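K.L.:
Have a look; sequence and predicted model below, questions after that.
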2 protein chains.
Amino acid sequence: MRHSKKREAILDAVRSTRSHPDAEWVYGKVRETVPGISLGTVYRNLRELDANGELTTVETDMGSMRFDADTSPHAHFVCRECGSVSDLFGYGDIADKLRHVGYEVDEVKTVIYGKCPDCARKRGGDNGLS
Amino acid sequence: MRHSKKREAILDAVRSTRSHPDAEWVYGKVRETVPGISLGTVYRNLRELDANGELTTVETDMGSMRFDADTSPHAHFVCRECGSVSDLFGYGDIADKLRHVGYEVDEVKTVIYGKCPDCARKRGGDNGLS
DNA sequence: ATAATAATAGTAATCATTATTGTTAATTGC
DNA sequence: GCAATTAACAATAATGATTACTATTATTAT
């Protein structure tokens, strides 16, 4: 990965907020300083920055992918009313803790990524839908 | 929600497997018994069954949405090699447990849904990206 | 500086999912 | 039971987010 001013601006944009923005927001933010940047460039660099561990993604069932420059392990709270995504550190029986401070907790969804024992041994394989 | 044979067949299809299928898989499965069903019907009913709590969705960064007829609280393991999604019950420092039984754990992503304190009070609002 | 190639803008294409529309079928009231 | 009502449906178009393509530009190594 060679150096690029635009990629730097994109990472800076994600780092500038704790709102867990989507690609469109980042696009708008970066255009403030780099007016001519294209949306494709934003998407491509967000993908590459994620692949290089410079940022992380948050998948929700609320529409588009959100990005987070804080790569330390933590949970995210998604408000189904306003769509905001916020950080949750130190979770362990988190639902009750949240309720004590005014949240309404509907669902806790944990997704773990890695390789299943089968794939940890061999290469290739199907898509798990056989 | 009125009764419908097709919706029943769709829910049966999701219940018939623990593979956490996507909409396309469910479509193929249901066509075995209901050849004329349309893909839109599958999508609409999966959405409605989710809204009615008859099933739950699993969002990953691996492409399409997956469905799970088991609505009890549990985590999901996504294999980034083969795309399989599997259930993980009784997680509490789950990463280490998984490693002991042959998994490679890359990431644990927890997403919690509900209403933030602001929205738990008022109605409406923005999308959290202002 | 020049050659090699990653990065980019602009745009087209893709993929999953949702909306629309005319029709069919399940429920409701008589 | 039978018409009236309206959810559910098939077929298809549309959407929205994201990715791919192509010609051009910028970065880096020699």
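P.N.:
Okay, I see it. Numbers count the residues shown, from 1 in each chain, chains lettered A, B, ... in the order given.
K.L.:
remind me which residues of chain A are low pLDDT?
P.N.:
Residues of chain A meeting the criterion pLDDT under 70: A:123-130.
K.L.:
one more time with 50
P.N.:
Scanning chain A for pLDDT under 50 picks out A:124-125.
K.L.:
residues from it in reach of DNA strand D?
P.N.:
A:2-5, A:22-24, A:39-40, A:43, A:47, A:63-65 (CB under 7 Å from any atom of the strand). Yep, even glycine has a C-beta here, placed from its N, CA and C like the rest.
K.L.:
rerun at 6 Å
P.N.:
With CB under 6 Å from any atom of the strand as the criterion, chain A meets DNA strand D at residues A:R2, A:H3, A:S4, A:K5, A:D22, A:A23, A:G40, A:Y43, A:R47, A:G63, A:S64, A:M65.
K.L.:
among the residues you listed, which are in reach of DNA strand C?
P.N.:
A:R2, A:S4, A:G40.
K.L.:
any idea which of those residues is closest to chain B?
P.N.:
Taking CB to the nearest CB as the measure, chain B lies nearest A:G40 of these, at 18.9 Å.
K.L.:
Go ahead and name everything in contact with the lengthiest helix in chain A.
P.N.:
Using DSSP state H to define each element, chain A has its longest helix at helix A:39-51. With contact meaning CB atoms under 8 Å, 6 or more residues apart in numbering or on different chains, helix A:39-51 is reached by A:1, A:4, A:6-7, A:10-11, A:14, A:23-24, A:26-27, A:30, A:55-57, A:67.
K.L.:
Now the buried members of those.
P.N.:
For those, a burial check counting by 16 or more other CB atoms under 10 Å in any protein chain shown picks out A:6-7, A:10-11, A:14, A:23, A:26-27, A:30, A:55-57, A:67.
K.L.:
among those residues, which two are most distant?
P.N.:
Within the buried ones among the contacts of helix A:39-51, A:K6 and A:T56 form the most distant pair, 20.4 Å apart (CB to CB).
K.L.:
So which of the buried ones among the contacts of helix A:39-51 sit within helices?
P.N.:
Per DSSP H, those map to helices at A:K6, A:R7, A:I10, A:L11, A:V14, A:A23, A:V26, A:Y27, A:V30.
K.L.:
Could you dump those residues into CSV and include distance to B:T110?
P.N.:
Output for these, formatted as CSV (distance: CB to CB, whole Å):
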residue, distance to B:T110
A:K6, 32
A:R7, 29
A:I10, 26
A:L11, 24
A:V14, 20
A:A23, 22
A:V26, 23
A:Y27, 28
A:V30, 29
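K.L.:
from these, which is closest to A:V108?
P.N.:
Distance to A:V108 across those (CB to CB) is lowest for A:V14, with 25.2 Å.
K.L.:
Identify the residues contacting that closest one.
P.N.:
A:V14 sits next to A:P21, A:V26, A:L46, A:L49, A:L55, A:F67, A:D68, A:A69 when contact means CB under 8 Å, 6+ apart.
K.L.:
What strand or helix carries A:S86?
P.N.:
strand A:85-88 (DSSP states H and E).
K.L.:
Name the strands paired with that strand and say parallel or antiparallel.
P.N.:
strand A:75-79 (antiparallel) (DSSP bridges).
K.L.:
who touches the partner strand?
P.N.:
Contacts for strand A:75-79 (CB under 8 Å, 6+ apart): A:20, A:58, A:60, A:62, A:68, A:84-89, A:91, A:94, A:98, A:103, B:110-116, B:118-119, B:128.
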